[in-house]
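> structure here, sequence nowhere to be found:
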């Protein structure tokens, strides 16, 4: 799976033509210029149109939410602010909760309860006066007569009512009083669960045209009514010594619900109230003050200003699309001007970056990514949320991927863009420049991932200092200042974390090699280097020595010393598979090439260049390092085998068959590697490595490479070559310095 991903990545990089940008002599072409122009224009239009900054139809001096207005802002015409759908929904919900449910009360039902109780009492009285027969059959006949008329009364209660000496009329009076005072004073529902849940704590009980409002918790259903009856009887029994159980058995049988919820009436009242809700939130006439001078813009003022912008936009549309598009076109032109400054800087001062379309694309993508992060944070809608913008992402990434100068300029361009896109917000632009400058300077030399913690703390301190100064000038309250400082610290933390995660993607996809990657590759425990040390130890030690020479020379001329050293570590990895055919790995006196023809030997030697490239690609080595493999020999002729071929009668015109495939060195670092490789190998042939002889050897090799044209395509000057010669000489003289001969012990002496 990993190998498939590597192949996919290499395919994408070839599609982007990342490798060819640094290895082919740059020749300006109409196609390349067209791509650069299209990239500039397309990015400007994309950002100008797609970035949802502040409303384009607000005047530039209009304050934003949270700002303190410097002067009175007046309404230039009548402004009608409408409620949002969310506000209307909240009002509708408030209306629903403010209107109590309507409950109809049936007086006929409660009257029927009293009537039924009177009929029961009269029937009991009439049966009591009739003499009881000689047997129990007569008593049973009376019970059955009552039970047939009142089936909801228990048999025990009927029997007791007929046989009790207590006045049944007194029972009626007591029950009627309890009904009237305790139960039917409001009414009884069948089941309280039929009443919908509501935040309104009252209900409206309607009896004909008369309405009364009662608390919900005073309503009774049949179960609660029975409990209320029993409670009242117990209270009565405590004073009058009545048979509570008998009274309860009789009284509960006559209870009937007389209340029910009238949802139709409730819905009618709710709809009627909702119809009275006005969609207009506020109306301001011409000349009315929207925001007073010295006042902070709040939610109400923001809504009015947004409506003012919407009306302006509508009026612009009514005048025709050219008028409506002018603000958009102006923003695109400003974005284009900002990126144009970046183009000019790269063209004059960083031509290598300007020539590489993939590197330009990567730079624009970093800008797009930064603006996207700012927009995401802005969408959170946090007050004073600008201090949460992770604006340090771009300065850190550009500085690490390119250099501090490009990072500084990109920071200024970002400040201009954010200022333009956020209606010339000076605080935001100032914050971007200050925070970005600190981020660039602390990101100049990132040699390992842990250095990002140094960047994080530096940016955090910059946020704290800037926020303290700016908000103190704004006279912000202390508690707000503490919150804003917390926002800045969070932005510094997340900026560093995001950069650590995103940076390797840009390094890999766009072929940009950073110091972090080079330091990881310089680890001698890298699988390729360990394999080289085990299978081709002579080549391994040669590569280490060449790396040291190249590093010293690169430092002398101001080139990338780390790249020069790491590139030389890997420049001969193609010799791993057949190390015995290379002289530094031959342990025996007899060479393998003695049995081969010169042309075959030249093919074997030149094959290590192509094979080294393939091995490096399989190990996911960056192209800047792989270029050392192909360029360290350039197109030099393998003189030994060519001369041997001439001795055997080969046509002198066949010299090209004995050349390395190249290309010639394209950068200062690969040019240094070519010279260091030849100098290190030749220095081992010196019998008496005195300083003068070493310097003469170095000069001869440099002259040879210069005169043969191998250095024509790399930007090494004569002054650079002189400094390289001095650096090589200093390193080799130190390596071949004379040592003091230690005296040997004489025989026979201890």
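Perfect, I can see it now. Everything numeric here is computed off the predicted structure, so don't read it as measured data.

> quick one: list the elements packing against the strand or helix carrying residue 472.
Using DSSP states H and E, the element containing residue 472 is helix 451-473. Helix 451-473 sits against helix 426-442, helix 478-509, with contacts defined as 3 or more CB pairs under 8 Å, 6 or more residues apart in numbering; DSSP states H and E. The C-beta positions use only the backbone N, C-alpha and C, and glycine is treated the same way.

> one more time with 10 Å, if that's ok
helix 393-401, helix 426-442, helix 478-509, helix 515-521 (3 or more CB pairs under 10 Å, 6 or more residues apart in numbering; DSSP states H and E).

> which of the residues in that helix are buried?
451-452, 455-456, 458-460, 462-464, 466-467, 470-471 (16 or more other CB atoms under 10 Å).

> relative to residue 505, how far out is residue 452?
From residue 452 over to residue 505 the distance is 16 Å, taken as CB to CB, to the nearest Å.

> an error on my part: the question was meant for residue 440.
Counting by CB to CB - residue 440 and residue 505 are separated by 21 Å.

> show me the contact partners of stretch 603-613.
19, 528, 539, 570-579, 581-582, 592-593, 596-597, 615, 621, 623, 626-633, 638, 640-641, 657-662 (CB atoms under 10 Å, 6 or more residues apart in numbering).

> narrow the residues you listed to those that are buried.
Among the contacts of stretch 603-613, those scoring as buried are 19, 528, 539, 570-576, 578-579, 581-582, 593, 615, 621, 623, 626-633, 638, 641, 657-660, 662 (criterion: 16+ other CB under 10 Å).

> wait, doesn't residue 213 sit right on residue 204?
Yes. Shown here, residue 213 and residue 204 form a contact pair, counting by CB atoms under 10 Å, at 5.6 Å.

> who has more neighbours, residue 440 and residue 505?
Remark: of residue 440 and residue 505, residue 440 carries more neighbours, 26 against 10, as counted by other CB atoms under 10 Å.

> show the pLDDT at the nearest residue to the more buried one once chain neighbours are set aside.
Counting by CB to CB, 6 or more residues apart in numbering, residue 440 lies nearest to residue 407, which is 4.1 Å off, once chain neighbours are set aside. Looking at residue 407, its pLDDT is 95.

> ditto for the one 5 residues further on
pLDDT for residue 412: 96.

> the strands in this structure, which residues?
73-74, 79-82, 101-105, 188-189, 202-207, 210-215, 220-221, 259-261, 280-284, 289-291 (DSSP state E).

> for the second one, packing partners?
Packed against strand 79-82, as judged by 3+ CB pairs under 10 Å, 6+ apart, are the following elements: strand 280-284, helix 299-318.

> what do you get for the third one?
On a contact count with 3+ CB pairs under 10 Å, 6+ apart, strand 101-105 meets strand 202-207, strand 210-215, strand 259-261, helix 263-275.

> picking that back up, now for residue 213 and residue 204: what residues contact both?
Jointly contacting residue 213 and residue 204 under the rule CB under 10 Å, 6+ apart are residue 100.

> so those two - more neighbours on which side?
The neighbour comparison of residue 213 against residue 204 (other CB under 10 Å) goes to residue 204, with 19 against 9.

> so what's the residue nearest to the spatial centre of the chain closest to, chain neighbours aside?
In the chain, the C-alpha nearest the mean C-alpha coordinate belongs to residue 373, at 6.3 Å (CA atoms, centre = their mean). Distance criterion CB to CB, 6+ apart; nearest residue to residue 373, sequence neighbours excluded, is residue 390 at 5.2 Å.

> neighbours of the one you found, how many?
The burial count for residue 390: 23, using other CB under 10 Å.

> residue 223 too?
11.

> if we can go back for a sec, okay, and which of the contacts of stretch 603-613 map to helices?
19, 528, 539, 615, 623, 626-631, 640-641 (DSSP state H).

> pLDDT and distance to residue 180 added to the residues you listed, as CSV?
Output for the ones in helices among the contacts of stretch 603-613, formatted as CSV (pLDDT from 0 to 100; distance: CB to CB, whole Å):
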residue, pLDDT, distance to residue 180
19, 45, 101
528, 92, 102
539, 91, 114
615, 91, 104
623, 87, 99
626, 92, 103
627, 93, 105
628, 95, 107
629, 94, 108
630, 92, 109
631, 94, 111
640, 80, 129
641, 83, 128
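
> possible to save these as TSV with distance to residue 162?
Output for those, formatted as TSV (distance: CB to CB, whole Å):
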residue	distance to residue 162
19	114
528	113
539	125
615	115
623	113
626	115
627	119
628	120
629	120
630	122
631	124
640	140
641	138
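
> returning to that earlier point: residue 114 is nearest to which of the helices and strands packed on helix 451-473?
In terms of CB to CB, the element of these nearest to residue 114 is helix 478-509, at 67.8 Å.

> hang on, residue 506 packs against residue 394?
No. Assessed by CB under 10 Å, residue 506 is found out of contact with residue 394, at 11.7 Å.

> the two: which has the busier surroundings?
residue 394 (29 against 21).

> who's in contact with the more buried one?
Per CB under 10 Å, 6+ apart, neighbours of residue 394: 363, 366-367, 369-371, 373-374, 407, 410-411, 413-414, 417, 432, 436, 439-440, 495, 499.

> swap in residue 426?
415, 419, 470.

> which residues touch the second one?
Shown in contact with residue 419 (CB under 10 Å, 6+ apart): 334, 338, 425-430, 432-433.
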